[in-house]
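Colleague: just to be clear, the model below is a prediction. Sequence and coordinates:
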Amino acid sequence: MKFAILVNEGPFGHQATASALSFAQAVLTGGHELVRVFFYMDGVYNANRLASPPAGECSTARAWSELAAESRVDLVVCIAAGMARGVREANLAPGFRISGLGQMVEAAVLADRLVTFGA
Amino acid sequence: MKFAILVNEGPFGHQATASALSFAQAVLTGGHELVRVFFYMDGVYNANRLASPPAGECSTARAWSELAAESRVDLVVCIAAGMARGVREANLAPGFRISGLGQMVEAAVLADRLVTFGA
Amino acid sequence: MGPLHTVNKSPFASTALESCLARLTEGAAVLLIEDGVYAALAAGAAADRLAEAANRHPVYVLGPDLAARGLAEASLLDGVRVIDYLGFVDLATRHSAVQSWF
Amino acid sequence: MGPLHTVNKSPFASTALESCLARLTEGAAVLLIEDGVYAALAAGAAADRLAEAANRHPVYVLGPDLAARGLAEASLLDGVRVIDYLGFVDLATRHSAVQSWF
Amino acid sequence: MRRKTFLFVSRKAPYGAGQAGEALEAALIAASLGQEVHLAYLDDGVFQLLRGQRPEALGTKDFTASLVELGEYDIDHVWVERQSLAERGLTEADLLVPATLLDRGEMAEIMAGMDVVVSA
Amino acid sequence: MRRKTFLFVSRKAPYGAGQAGEALEAALIAASLGQEVHLAYLDDGVFQLLRGQRPEALGTKDFTASLVELGEYDIDHVWVERQSLAERGLTEADLLVPATLLDRGEMAEIMAGMDVVVSA
């Protein structure tokens, strides 16, 4: 089955990102297809390459990048939400791309299920 | 009287920043002293120079910078929270400085009142 | 004077106000800000509990946050006082500390 | 099959769970994740309402979120089923849509 | 693109910690792309529809300007839960857009029947 | 620096959307700077003190490691509200650090008597 994931919360002080990441990994482990992960609202903070978590914490941005590299998952950051929050091409983590909200709608149409994490 | 302000939420999708800003302005208008504004947790996102809000919205980062320029208010971003969230010297808005949590404690000691906004 | 308690969450969505009201001490006051202002609606389901607290403690509501949300002063519970940010600062000076509930 | 409803907020802090349970339709299921898992504590004040829903709808709780919080399966309400992320994905495939409550 | 039914569910009051504007933006995009868009307002979400909001002082855009243009995006399905209004002491006359009032059970059925549900 | 009484109030469950770790960090810094630090746990905040938490799987640091070191920071005042425990079906035996249990009214008096109150 085809899945799309919507992430609406930032990576620190909110569990939503970790939940979305675990769900994404389980989608792939379960033999399903992950059409796209769309980062909206505070979710765009996940794509900030400059973020470096304190010792003992896992970098979710890095974990998303690894997922993209290993499994060719399409990670899309909302351009408007990113602009507003200072997430741009210049500081984008590897594996993410910036595009419009239409990509979220398209993902929901292409996928059999859209699952939202946050806020 | 001497005030210190603690901001724990990011500027978008949360009113806390706008509230803190209005409170800071009223402290000064009321003839009081504003010892320091300390940005902690998601509050550090306020100091990101790269953020540019959509048309029709006010840039709170810019408004803080203006407050600092006009009234010499000390705006301090927590270094650990900033590192974790990708807010660093390289993308710091004018008028902010980066320092440790000790500055929050010191502000609370120097001020007669600490007022927290967020989360 | 006791502390000033600020509450910024809607009483229909969060237990923050209820939690705050259950811990008011002699001389304490309550200031509703942001989504907390919805608690002051006289016709709302949260009104009784706030009215009871207002009998023993001053309850304030931040005017600019009412206006932003389209709430008229006429729709508020009797006894709740509307203040602006200067009033908020003034209250903070007249209370021993400010405690935020969210 | 009806929808799968996920709830990620504590029932002691937020009305999200209560709101969700009030809108369950035939064939719907509930999955408690993140802070939502606290609702499944048998000895907690929120247990009765969830137990009632569990009589008519399957109620699941995400095991990794229980473990992170130090909650033992033995402390959960009878009838609540513990699943992992693969189980979450599987539930999503077997329900018509996934609706998040927060 | 295939046409699906999209439901955008608003359960939060505007401004405080809400994403009322960003959720509405997504709904307008979905409608622009030819999807069948429904908007559901329940719980504190009904406060988003209140007449007379003036958020400019908070520095945020007035998203209600987009609400009154829903017709131009062919969004005809605006559902509001009657019980949510009543609990807050509100009536249909307080709403700034034409909406269809539903009882709780009817709202639940609407939500259960959609292809895609986006919560905000 | 003058010595004040600082109270850090925890009312939120850990992990979900809490800042349990960041709040505790602030408390440790205040103690290191010679302030009189008190920690108050009420409402869902009591879940932060539960034994047996294993947050590593969520990718977050185990802040409870700092909790067990409170004594090394001379933080002796750990207050837990009895009613908050009871509502959640918990008892003192479930807590991972020694704490003083207070009734709701006693907790309210503790909170009202501090120079600085930081909520998290």
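Modeller: That came through, no problem.
Colleague: going forward, measure contacts and count neighbours with C-alpha atoms only.
Modeller: Will do.
Colleague: for the lengthiest helix in chain E, name the packing helices and strands.
Modeller: For chain E, the longest helix by residue count, based on DSSP state H, is helix E:20-32. Helix E:20-32 is packed against helix A:102-110, strand E:5-10, strand E:36-41, with contacts defined by 3 or more C-alpha pairs under 8 Å, 6 or more residues apart in numbering or on different chains; DSSP states H and E.
Colleague: other residues contacting the second one?
Modeller: If I follow you right, that is strand E:5-10. Residues from elsewhere that reach strand E:5-10, judged by C-alpha atoms under 8 Å, 6 or more residues apart in numbering or on different chains: E:20, E:23-24, E:27, E:30, E:35-42, E:44-46, E:111, E:114-120.
Colleague: mind running it again at 6 Å?
Modeller: Strand E:5-10 has contacts (C-alpha atoms under 6 Å, 6 or more residues apart in numbering or on different chains) with E:36-41, E:45, E:114-120.
Colleague: export it as PDB, just CAs?
Modeller: Output of strand E:5-10 as PDB, limited to C-alpha atoms (Å, rounded to 0.1, in the frame of the first residue of the first chain):
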ATOM      1  CA  THR E   5     -12.500  14.100  -0.900                       C
ATOM      2  CA  PHE E   6     -10.300  16.100   1.500                       C
ATOM      3  CA  LEU E   7     -11.500  17.100   5.000                       C
ATOM      4  CA  PHE E   8      -9.600  19.800   6.900                       C
ATOM      5  CA  VAL E   9     -10.600  19.500  10.500                       C
ATOM      6  CA  SER E  10     -10.200  22.600  12.700                       C
END
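Colleague: what pairs with it, and is each one parallel or antiparallel?
Modeller: Strand pairing for strand E:5-10, determined by DSSP bridges: strand E:36-41 (parallel), strand E:116-119 (parallel).
Colleague: buried set for that strand?
Modeller: By 16 or more other C-alpha atoms under 10 Å in any protein chain shown, the buried positions in strand E:5-10 come out as E:F6, E:L7, E:F8, E:V9, E:S10.
Colleague: tally of neighbours for the nearest residue to E:P55 once chain neighbours are set aside?
Modeller: Take E:P55 and drop its neighbours on the chain: the residue closest to it by C-alpha to C-alpha, 6 or more residues apart in numbering or on different chains is C:A68, 4.3 Å away. Counted by other C-alpha atoms under 10 Å in any protein chain shown, the residues lying close to C:A68 total 20.
Colleague: residue contacts, C:C20?
Modeller: If you count contacts by C-alpha under 6 Å, 6+ apart, C:C20 has none.
Colleague: quick one: name the residues of chain C near chain E.
Modeller: Within chain C, the positions adjacent to chain E are C:E34, C:D35, C:A43, C:G44, C:A45, C:A68, C:R69, C:G70 by C-alpha under 6 Å from any C-alpha of the partner chain.
Colleague: can I assume the third one sits in a strand?
Modeller: By that I understand C:A43. No - judged by DSSP: H, G, I helix; E, B strand; the rest coil, C:A43 forms no part of a strand; its state is coil.
Colleague: give me the number of residues near the residue nearest to it when sequence neighbours are not counted?
Modeller: Nearest residue to C:A43 in three dimensions, chain neighbours excluded: E:G89, at 4.5 Å (C-alpha to C-alpha, 6+ apart). Other residues lying near E:G89 total 15 when counted by other C-alpha under 10 Å.
Colleague: same deal with A:A63?
Modeller: 14.
Colleague: nearest residue to it other than its sequence neighbours?
Modeller: Closest residue in space to A:A63, ignoring its immediate chain neighbours: A:L21 at 7.9 Å, by C-alpha to C-alpha, 6+ apart.
Colleague: cool, C:H57 as well?
Modeller: Here the residue nearest C:H57, using C-alpha to C-alpha, 6+ apart, is C:A29, at 5.5 Å.
Colleague: could I get the contacting residues of that neighbour?
Modeller: C:A29 neighbours (C-alpha under 6 Å, 6+ apart): C:L4, C:H57, C:P58.
Colleague: if it is in a bridge, with which residues?
Modeller: On the basis of DSSP bridges, C:A29 is bridged to C:L4.
Colleague: buried stuff in the lowest-mean-pLDDT helix or strand in chain A?
Modeller: The least trusted helix or strand in chain A, going by mean pLDDT, DSSP states H and E, turns out to be helix A:60-71, with a mean of 92. For helix A:60-71, burial by neighbour count (16+ other C-alpha under 10 Å) applies to A:T60, A:A61, A:R62, A:W64, A:S65, A:L67, A:A68.
Colleague: look up how far E:Q19 lies from the last one.
Modeller: The spacing between A:A68 and E:Q19, counted by C-alpha to C-alpha, to the nearest Å, is 28 Å.
Colleague: what distance do you get for the closest residue to A:S65 other than its chain neighbours to A:A69?
Modeller: Closest residue to A:S65 apart from its sequence neighbours, by C-alpha to C-alpha, 6+ apart: A:G95 at 5.1 Å. Distance of A:G95 to A:A69, computed by C-alpha to C-alpha: 7 Å.
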